[in-house]
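Participant: Quick one: sequence plus predicted model below, questions after.
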Amino acid sequence: MAATTPSTDWLLEVNNLSCGYGGDSVVRDINLALSQGDIGCLLGPSGCGKSTILRALAGFLPLSQGEIRLQGQAISLPGRSLAPEKRRIGMVFQDYALFPHMTIAENVGFGLKNLSKPERRQKVTELLNLVHLQDLADSYPHQLSGGQQQRVALARALAPEPTLILLDEPFSNLDTDLRRRLSLDVRDILKTLGISAILVTHDQQEAFAMCDQVAVLKDGQVQQWDVPYNLYHEPSNRFVASFVGQGSFIPGTALGPDTIESELGTIHGNRAYNWQPGTLVDILIRPDDIVFDEQSQLRPRVVEKTFAGTSTLYRFRCSEDTEFEALFRSHLDFHVGEQVPVRVDADHLIAFERTA
Ligand SMILES: Nc1ncnc2c1ncn2[C@@H]1O[C@H](COP(=O)(O)OP(=O)(O)OP(=O)(O)O)[C@@H](O)[C@H]1O
């Protein structure tokens, strides 16, 4: 496929991409851009189109609209697509997909047929060292744990020195502790090598721990493409606010551009909205926006309590319309039914105009 002139410094650019199956567009108007060395994420509920975008990036799905550019070169356009094996894109899947009859070293060296035997051996050793599996070079996949197998899959994908790695729910077959550790290890490995990646996951914690930029998707459309901090503190719409992190919406009335009156008192924030005074809004309250304050007149009742070791998550109710959660250190111990003095302590005032 003819390469076109590089347009920007982005490693990966997805511009107005639409694609799907059998003539139906499952994802529409997708725009993403990733810098060299950054890890991006496609995050969203089941069926929102994450894997479909990944398939288009890998070259397995034609585009009905838009373009994909890698290092400035158009690799997918409607009617024109660079073959998957020519894209220099590596893939790591959920089920590891290792070759069972090959040793770990043979699995990792599989894509290095163009190298001489000594070069291949050296490269495989380097990669096995990188993923801390040097002692298992002669073992077979069935002799390894799930986490070890996934490291082998990563080493195999890294071997041909791809420009971009696609990770399709790579940790979802692993238990919670292992997936947390492995996701950080994989981030370290990719950062050490300066290799960019796109991770597909529906686990928000994993996305935040591992990725520099995250796209939150809903019904085949990107709702927000941003750094994790902004997704949490500056969600662009109600869906992102609810999907990312915990939070409750409580009713309020705008008094001014950055001030809202509510049952929790008058809340001031750090951003100005262009609402008329009197506009009815819903305010996002995160569990960490609520603090215990013995002087506070606000005394909601505990309706639910979830002990989590170092902290306890409380659900409070002021009235039928106003329920919210608060995360306190667990030595602040209240019982269900107790009224607790609290106040709002939120730098980031997130609110949306009430629609119904
Ligand atoms: N091969 C296919 N043929 C037809 N429709 C498909 C095909 N693969 C996926 N779809 C549909 O496309 C939509 C998006 O699917 P996709 O697998 O991209 O979602 P996802 O966000 O990756 O979901 P999950 O988290 O469950 O893997 C779904 O409605 C799905 O039914």
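Facilitator: Nice, thanks for sending it over. Residues are numbered from 1 along each chain as shown.
Participant: Glu323 - nearest residue in space that isn't next to it in sequence?
Facilitator: Closest residue to Glu323 apart from its sequence neighbours, by Cβ to Cβ, 6 or more residues apart in numbering: Arg317 at 4.8 Å. Glycine gets a C-beta too; all of them are placed from N, C-alpha and C.
Participant: Would you list the phi and psi of Leu280?
Facilitator: Backbone torsions of Leu280, given as degrees, to the nearest 10, read phi -80, psi 130.
Participant: Could you export the longest helix seen in the chain as CSV, keeping only the C-alpha atoms?
Facilitator: Counting by DSSP state H, the longest helix found in the chain is helix 176-193. Provided in CSV are the C-alpha atoms of helix 176-193 (Å, rounded to 0.1, in the frame of the first residue of the first chain):
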residue,chain,number,x,y,z
THR,A,176,-6.6,-10.3,41.1
ASP,A,177,-3.3,-10.1,42.9
LEU,A,178,-1.3,-11.5,40.0
ARG,A,179,-3.1,-9.3,37.5
ARG,A,180,-2.2,-6.2,39.5
ARG,A,181,1.5,-7.2,39.7
LEU,A,182,1.8,-8.4,36.2
SER,A,183,0.2,-5.3,34.7
LEU,A,184,2.8,-3.1,36.5
ASP,A,185,5.6,-5.4,35.4
VAL,A,186,4.4,-5.2,31.8
ARG,A,187,4.2,-1.4,32.0
ASP,A,188,7.8,-1.4,33.3
ILE,A,189,9.0,-3.7,30.5
LEU,A,190,7.3,-1.6,27.8
LYS,A,191,8.6,1.7,29.3
THR,A,192,12.1,0.2,29.5
LEU,A,193,12.0,-0.6,25.8
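Participant: Convert the C-alpha atoms of stretch 246-253 to PDB, please.
Facilitator: What follows is stretch 246-253, C-alpha atoms only, in PDB (Å, rounded to 0.1, in the frame of the first residue of the first chain):
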ATOM      1  CA  GLN A 246     -17.100   5.400  42.400                       C
ATOM      2  CA  GLY A 247     -19.500   8.300  42.800                       C
ATOM      3  CA  SER A 248     -23.100   9.300  43.400                       C
ATOM      4  CA  PHE A 249     -25.200  12.100  41.900                       C
ATOM      5  CA  ILE A 250     -27.000  14.300  44.300                       C
ATOM      6  CA  PRO A 251     -29.500  17.100  43.300                       C
ATOM      7  CA  GLY A 252     -28.500  20.700  43.500                       C
ATOM      8  CA  THR A 253     -29.300  24.200  42.200                       C
END
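Participant: now that stretch: mean pLDDT?
Facilitator: The average pLDDT for stretch 246-253 rounds to 93.
Participant: residues of that stretch that come out buried?
Facilitator: For stretch 246-253, the neighbour count (16 or more other Cβ atoms under 10 Å) marks Gly247, Ser248, Phe249, Ile250, Gly252 as buried.
Participant: Repeat that for stretch 76-92.
Facilitator: Buried, per 16+ other Cβ under 10 Å, within stretch 76-92: Ser76, Leu77, Ser81, Leu82, Arg87, Ile89, Gly90, Met91, Val92.
Participant: Output those in TSV; the columns should cover pLDDT and distance to Pro118.
Facilitator: As requested, these are exported to TSV (pLDDT from 0 to 100; distance: Cβ to Cβ, whole Å):
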residue	pLDDT	distance to Pro118
Ser76	96	37
Leu77	96	41
Ser81	93	37
Leu82	95	32
Arg87	93	28
Ile89	94	27
Gly90	91	23
Met91	90	28
Val92	88	27
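Participant: got a list of what Leu136 touches?
Facilitator: Neighbouring residues of Leu136 by Cβ atoms under 8 Å, 6 or more residues apart in numbering: Ile104, Leu128, Gln143, Leu144, Gln148.
Participant: and with 10 Å instead?
Facilitator: Contact analysis of Leu136 by Cβ atoms under 10 Å, 6 or more residues apart in numbering lists Thr103, Ile104, Ala105, Leu128, Gln143, Leu144, Gln148, Arg151, Val152.
Participant: again with Ala241
Facilitator: For Ala241, the contact set (Cβ under 10 Å, 6+ apart) comprises 223-224, 231-232, 234-235, 247, 249, 282, 284, 286, 350-352.
Participant: Among these, which lie within strands?
Facilitator: Of the contacts of Ala241, the ones assigned to strands by DSSP state E are Gln223, Gln224, Phe249, Asp282, Leu284, Ala351, Phe352.
Participant: So what's the residue count around Gln122?
Facilitator: For Gln122, the neighbour count with other Cβ atoms under 10 Å is 12.
Participant: Number the chain from 16, please
Facilitator: Happy to do that; since the first residue is 16 now, the last one works out to Gln137.
Participant: any idea how far it is from the ligand?
Facilitator: Counting by Cβ to the nearest ligand atom, to the nearest Å, the separation of Gln137 from the ligand is 38 Å.
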